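Colleague: Quick one: sequence plus predicted model below, questions after.
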Amino acid sequence: MKLLEFEAKDVFGREGIRIPKGVVVRKGEGLPPNLEEIGDRVVVKAQVDVGGRGKAGGVLMADAGNAGEAVQHLFNAHIKGVPVNSVLIEERLPIEHEYYVSIAIDRSKKEPVILFADTGGVNIEETARTNPDAIRTVGVSPLFADVPAFLLRELTGTAPAGVRDAVNRLYRVFCKNDALLAEINPLVTTPNGVYAADAKLIIDDNSLARQGIAVNRDLTEREKEAEKHGFSYVELEGEIGVIGNGAGLTMATLDLIDHFKGRAANFLDVGGGADQERVKHAVRLVAGMPSVRVIIVNLLGGITRCDEVARGIIEAGVSQEVIVRLAGTNEEEGRRLLAEKGYRMLGSMDETVRAAVEATA
Ligand code: GDP
Ligand code: MN
């Protein structure tokens, strides 16, 4: 799970990394009244989970007096195609120098690796390409709670002690939170100390429950509904709705859509033993996404009975065509019920997916 900047800064701040004073504004909310308490001069930053916001117009300089215009501007904008649902208004730091620090897992060495550069900021990717030696790296045994001092020195060179300290605290954040990536770019020096001007944190999804981090995910109504029914449900960018049972079969269906050059709009795994009610809810939920033009139901009947599935599909009564592939228990009865109502029920996965892709061509 990738945290938004303000969520990541909250985590960093709790580990003692200095964070600029700031406030989050969500779309549709008014500006907070005491903006000048943040500072006369502010930075207004789109909270979207894409990198390179600065270059894409997602980081604006403003005064406390006219910050509202910058906020409105961002709410009306798309940053690299992503709509802006929240912005962070922060005190503008008097930056002296920008460093870069990033921690990830080195999978071949099976340990965290820290990357550091004296030349952080928006051009770090160019630096990585044109002058890779400017980025130093050290691996740290995950058994260490802190980065050993000699490694910190090797990594940060002549950077001030406050920078070294922030790098070490970021390493603690990385380990404690089961992170896949923890990054500060830029990590800045100012007359008042060292600050994380930006923050990136990706947490291993498998550890979220024990981390207990309050993450503000904007679930769609359909995603909330799916959660309620215990469906695994994900929304994508295409036109074909996908319902399967079991992650393997559902993923195989997606692969096949890709193979036939179609695009999935979403996919839903109903899980084991789906009865008529669950299938009905699943079909209605998938059909409720406006971009869905045709739906594939690809189910294997084991505990799940094909006739129940057929009844669920028919009862859902959605406006889009539902193309069905059912195999297993009570398949004949399911087939008969669907045929009676004019549903297409094809034999193989190939045929089913191809028919759906053709229907959206
Ligand atoms: P990114 O482009 O998505 O990585 O967004 P950043 O948060 O890193 O902001 C982009 C750039 O804006 C930074 O590299 C800084 O140069 C600049 N910037 C961000 N915050 C401040 C600030 O408080 N003061 C000043 N002077 N510049 C800032
Ligand atoms: Mn940045």
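Modeller: Received it, and whenever you're ready, just let me know what you need. Numbering: from 1, shown residues only. Ligands and ions are numbered 1, 2, ... in the order given.

Colleague: C-alpha only now, for contacts and for neighbours.
Modeller: Fine.

Colleague: Packing partners of the helix ranked longest in the chain?
Modeller: Counting residues, the longest helix in the chain under DSSP state H turns out to be helix 161-176. If you count contacts as 3 or more Cα pairs under 8 Å, 6 or more residues apart in numbering; DSSP states H and E, helix 161-176 packs onto helix 5-14, strand 97-106, helix 149-156, strand 179-190, strand 193-196.

Colleague: Give me the buried positions along it.
Modeller: 163-175 (16 or more other Cα atoms under 10 Å).

Colleague: got TSV for those residues, with distance to K224 and pLDDT too?
Modeller: Output for the buried residues of helix 161-176, formatted as TSV (distance: Cα to Cα, whole Å; pLDDT from 0 to 100):
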residue	distance to K224	pLDDT
V163	42	98
R164	43	98
D165	41	98
A166	38	98
V167	38	98
N168	38	98
R169	36	98
L170	33	98
Y171	34	98
R172	33	97
V173	30	96
F174	30	96
C175	31	94
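
Colleague: ok, the helix or strand that contains L74 near ligand 1 or not?
Modeller: For L74, the host element (DSSP states H and E) is helix 67-75. No: using Cα under 6 Å from any ligand atom, helix 67-75 stays clear of ligand 1, with a minimum separation of 13.5 Å.

Colleague: next SSE after that helix?
Modeller: Next helix or strand after helix 67-75 toward the C-terminus (DSSP H and E): strand 78-79.

Colleague: Show me what that next one pairs with in its sheet, parallel or antiparallel.
Modeller: Using DSSP bridges, strand 78-79 pairs in its sheet with strand 82-83 (antiparallel).

Colleague: do the strand it pairs with and ligand 1 meet at all?
Modeller: No: using Cα under 6 Å from any ligand atom, strand 82-83 never reaches ligand 1; the gap is at least 12.8 Å.

Colleague: what pLDDT, on average, does whatever helix or strand N298 lives in get?
Modeller: N298 is part of strand 294-301 when elements are defined by DSSP H and E. Confidence for strand 294-301, expressed as mean pLDDT, is 92.

Colleague: And for G317, the neighbour number?
Modeller: Number of residues near G317 (other Cα atoms under 10 Å) recorded here: 14.

Colleague: Let me have the buried residues of helix 161-176 in CSV, extended by distance to R14.
Modeller: What follows is the buried residues of helix 161-176, written out as CSV (distance: Cα to Cα, whole Å):
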residue, distance to R14
V163, 17
R164, 17
D165, 14
A166, 12
V167, 14
N168, 14
R169, 10
L170, 11
Y171, 13
R172, 11
V173, 9
F174, 13
C175, 14
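
Colleague: Out of the helices and strands packed on helix 161-176, the one nearest ligand 1 is which?
Modeller: Nearest of the helices and strands packed on helix 161-176 to ligand 1, taken as Cα to the nearest ligand atom: strand 179-190 at 5.4 Å.

Colleague: Only alpha carbons, please: show the closest one as PDB.
Modeller: The C-alpha coordinates for strand 179-190 follow below in PDB (Å, rounded to 0.1, in the frame of the first residue of the first chain):
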ATOM      1  CA  ALA A 179       8.100  -1.000   4.300                       C
ATOM      2  CA  LEU A 180       8.900  -1.900   0.700                       C
ATOM      3  CA  LEU A 181      10.100   1.600   0.100                       C
ATOM      4  CA  ALA A 182      10.800   4.600   2.400                       C
ATOM      5  CA  GLU A 183      12.100   7.800   0.700                       C
ATOM      6  CA  ILE A 184      12.700  11.400   1.400                       C
ATOM      7  CA  ASN A 185      13.400  13.500  -1.700                       C
ATOM      8  CA  PRO A 186      14.300  16.200  -0.900                       C
ATOM      9  CA  LEU A 187      15.700  15.800   2.600                       C
ATOM     10  CA  VAL A 188      16.600  19.500   3.200                       C
ATOM     11  CA  THR A 189      18.800  21.600   5.400                       C
ATOM     12  CA  THR A 190      17.400  24.900   6.600                       C
END
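
Colleague: Next, see if that strand gets close to ligand 1.
Modeller: Yes: interface with ligand 1: strand 179-190 contributes 185-186 (Cα under 6 Å from any ligand atom).

Colleague: in that strand, what's buried?
Modeller: 179-189.

Colleague: Most widely separated two among those residues?
Modeller: Spatially, the most separated pair among the buried residues of strand 179-190 is L180 and T189, at 25.9 Å (Cα to Cα).

Colleague: Give me the distance between stretch 167-175 and the centre of its chain.
Modeller: 22 Å (Cα atoms, centre = their mean, to the nearest Å).

Colleague: Need the residues that contact it.
Modeller: For stretch 167-175, the external contacting residues (Cα atoms under 8 Å, 6 or more residues apart in numbering) are 11-12, 15-17, 101, 103, 142, 145-147, 152, 179-183.

Colleague: which among these end up buried?
Modeller: Judged by 16+ other Cα under 10 Å, buried ones among the contacts of stretch 167-175: 11-12, 15, 17, 101, 103, 146-147, 152, 179-183.

Colleague: Quick one: these as JSON lines, columns for pLDDT too.
Modeller: Output for those, formatted as JSON lines (pLDDT from 0 to 100):
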{"residue": "V11", "pLDDT": "93"}
{"residue": "F12", "pLDDT": "97"}
{"residue": "E15", "pLDDT": "97"}
{"residue": "I17", "pLDDT": "98"}
{"residue": "V101", "pLDDT": "98"}
{"residue": "I103", "pLDDT": "98"}
{"residue": "D146", "pLDDT": "97"}
{"residue": "V147", "pLDDT": "98"}
{"residue": "L152", "pLDDT": "97"}
{"residue": "A179", "pLDDT": "95"}
{"residue": "L180", "pLDDT": "96"}
{"residue": "L181", "pLDDT": "97"}
{"residue": "A182", "pLDDT": "98"}
{"residue": "E183", "pLDDT": "98"}
